[in-house]
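1. sequence first, predicted coordinates after that:
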Amino acid sequence: MNDEARQLLEEGLRHHVLGDDEKAAACFSRILELDPANEKAKRLLEMIQRPRTSSGASRSQAPTPLPPPRVKEPDSTSGEDEEIAVLMRAVEELHQLGDFSGSLQLVEKVLQKQPNHPVAQDYLASNRKTLTHLYESKLGSVGSRPRVVLRPDEILWLNIDHRAGFLLSQIDGTLTVEDLYALSGMSRMETAKILAELLEDGVIEIV
């Protein structure tokens, strides 16, 4: 997602949590004009267009795993507190929608501003745990052994960052997924995410 689409996404979420779904829909529609295949914008647009129950939840919405506490309105009315409240409502909306990566990105912004925000810390832990489970489900057992299937010259053409490059350099067909967790120097979630992406892109296989 490019910077313009990301800004439109955050702006649309801000409008939605403040109750202006017309402006929110305009933002999400604009994203789809720029990127018709953007699944996140499609889901958000569908969400705000669904009828809602008196509690504000979609009638057809399924419960999501590991639900953290509901976001409470701030006691004070400072500009920063209002911004945090809006961001946290967006965090909750994305979490309920099942967009745990989007929810994680926003909650990390909140914690940059208020590192000790208790509800944000709950969402951080919940999103990370859920995403780790999702990535690991693609990898199978943590005892499985990834193996590189592309030639070195083919890997050179890949658009991978230094973290993925380092992890890829450790894969020799003998180390297990659990071994790679210990060697990567990254969190379990980040390591599992990179391995899942390498597997999906056909760079590695799991044996």
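-> Nice, I can see it. Predicted, not measured: the structure shown is a model, and the values here were computed from it.
2. do a quick rundown of the strands in the chain.
-> Counting by DSSP state E, the chain has strands at residues 146-148, 204-206.
3. now for the first one, which elements pack on it?
-> Judged by 3 or more C-beta pairs under 8 Å, 6 or more residues apart in numbering; DSSP states H and E, strand 146-148 is in contact with helix 188-200, strand 204-206. Where C-beta positions appear, they are placed from N, C-alpha and C, glycine not excepted.
4. ok, now with 7 Å
-> Packing partners of strand 146-148 (3 or more C-beta pairs under 7 Å, 6 or more residues apart in numbering; DSSP states H and E): strand 204-206.
5. okay, now the domains of this structure?
-> 1-51, 68-139, 146-206 (automatic domain parsing).
6. possible to save the ones you listed as a markdown table with mean neighbour count and mean pLDDT?
-> Shown next, in a markdown table, are those (neighbours: other C-beta atoms under 10 Å; pLDDT from 0 to 100):
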| stretch | mean neighbour count | mean pLDDT |
| --- | --- | --- |
| domain 1-51 | 16 | 81 |
| domain 68-139 | 17 | 84 |
| domain 146-206 | 15 | 92 |
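7. do I have it right that residue 146 meets residue 194?
-> No. Under the criterion of C-beta atoms under 7 Å, residue 146 makes no contact with residue 194, lying 10.7 Å away.
8. quick one, the helix of greatest length in the chain and helix 188-200 angle?
-> In the chain, taking DSSP state H as the definition, the longest helix is helix 118-139. Here the directions of helix 118-139 and helix 188-200 differ by 30 degrees (axes from the mean of the first three to the mean of the last three C-alpha atoms, to 10 degrees).
9. hmm, who's touching helix 118-139?
-> Residues outside helix 118-139 that contact it (C-beta atoms under 7 Å, 6 or more residues apart in numbering) are 65-66, 68-69, 71, 88, 91, 95, 100-101, 103-104, 107, 110-111, 114, 177, 188-189, 192-193, 195-196, 199, 206.
10. just stretch 35-50 next, same as before
-> Stretch 35-50 is contacted from outside by 5, 9, 12, 16, 21, 24-25, 28-29, 31-32, 58, 60, 97, 99, 102, using C-beta under 7 Å, 6+ apart.
11. once you drop chain neighbours, what's closest to residue 160?
-> Nearest non-adjacent residue to residue 160, counting by C-beta to C-beta, 6 or more residues apart in numbering: residue 168, 7.1 Å away.
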